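Peer 1: kindly return the folded structure for what I paste below:
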Amino acid sequence: MKVMIRRTGTCLTAYVPKKDLEEPIIAMENENLWGGCVLLRNGWRLALPDLPQDTRLPITVEARKISEED
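Peer 2: Residues are numbered from 1 along each chain as shown. Have a look, this model is predicted:
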């Protein structure tokens, strides 16, 4: 799914246009964000592509949804 990652103030958020959903990223598997999983506040875990650490935000990437905790 297409996901836009951006920085809002001091936190990172993920926006999924198809679901019209924007949630803060509350945990990251990798310190540099890319190439691992992130946890959104709503419980979704997304696998992000492996991109260079200095990738500029905002950016739209193809992410894979791993799970949904409801």
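
Peer 1: for the residue most central in space within the chain, what is the enclosing helix or strand?
Peer 2: By C-alpha atoms, centre = their mean, the mean C-alpha position of the chain lies nearest to residue 14, the distance being 4.6 Å. In this assignment (DSSP states H and E), residue 14 forms part of strand 11-16.

Peer 1: CA atoms only: put that strand into CSV for me.
Peer 2: Extracted in CSV, the C-alpha atoms of strand 11-16 (Å, rounded to 0.1, in the frame of the first residue of the first chain):
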residue,chain,number,x,y,z
CYS,A,11,7.1,13.2,15.6
LEU,A,12,6.8,11.1,12.4
THR,A,13,3.4,10.3,11.0
ALA,A,14,2.2,7.9,8.4
TYR,A,15,-0.7,8.8,6.0
VAL,A,16,-2.5,6.1,4.0
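
Peer 1: list the helices and strands it packs on?
Peer 2: Strand 11-16 is packed against strand 2-8, strand 21-28, strand 37-40, with contacts defined by 3 or more C-beta pairs under 8 Å, 6 or more residues apart in numbering; DSSP states H and E. The way it works is simple: take the backbone N, C-alpha and C, and place the C-beta from them, glycine included.
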